[in-house]
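Participant: only geometry, no sequence info:
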């Protein structure tokens, strides 16, 4: 690509492809420029710095993986939570780096990110909660999805770097009935209980069901969903 044909979109797309294949730590203006066949300084006519680039990359990934239009669909708020989990789970598998970017507020709420938040908030308003409560419920769902997905993503990222993590650990050994150490008293009854046969994805949905049950129960009891000092 010649420098006079260089565009911001091309830079963002190339940066996403680089992060997908080599991880976010491999991202640099020099490497992006090399892939585009241009000088590194030419990138700065389109993107001010790496921080701005990461924000643009994250919002572009969100734009390309939107939550579906609910028009004409008979979806409940629980349906929206499950749909969000399905889309985000697939998104994190395809773009592992974005789970780290989403954890940084600076990179989370461009136009596409706000549209995704609005989509979830709209669903939670069915519970007759305030917009702020609906927003906080949405954050709780997102936090759970990313937290439940992180172990699998972390293992994939380590494998990409040539590290093959041993799947055995102290808890798995305890559940298998071969504890590596004497377990704490509160865990003693778990010895030999067996490892869950649910997949990571199935555990994600099971946890979301429990979270949603809690939302619904507190709304029915008219109990405060969040305390006044809960962060926004």
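Facilitator: Yep, that arrived. Fair warning: this is a prediction, and the values are worked out from it, not measured in the lab.

Participant: what residues does the helix or strand harbouring residue 11 touch?
Facilitator: Using DSSP states H and E, the element containing residue 11 is helix 8-22. Defining contact as CB atoms under 8 Å, 6 or more residues apart in numbering, one finds that helix 8-22 is touched by 1, 26-27, 31-32, 35-36, 43, 46-47, 53, 56-57, 60-61, 94-97, 160. All C-beta spots, glycine's among them, are computed from the backbone N, C-alpha and C.

Participant: tell me the helix or strand right after that helix.
Facilitator: Following helix 8-22 toward the C-terminus (DSSP H and E): helix 29-36.

Participant: what is that following helix packed up against?
Facilitator: Here helix 29-36 touches helix 8-22, helix 40-43, going by 3 or more CB pairs under 8 Å, 6 or more residues apart in numbering; DSSP states H and E.

Participant: and the longest helix for the protein?
Facilitator: helix 131-160 (DSSP state H).

Participant: name the nearest residue to residue 98, ignoring sequence neighbours.
Facilitator: residue 61 (5.3 Å; CB to CB, 6 or more residues apart in numbering).

Participant: nearest approach to residue 80 belongs to which of the helices and strands packed on helix 29-36?
Facilitator: Across these, residue 80 has its closest neighbour in helix 8-22 (26.3 Å, CB to CB).

Participant: can you give me the neighbour number for residue 134?
Facilitator: 24 (other CB atoms under 10 Å).

Participant: mind starting the numbering at 52 from now?
Facilitator: Happy to do that; since the first residue is 52 now, the last one works out to residue 185.
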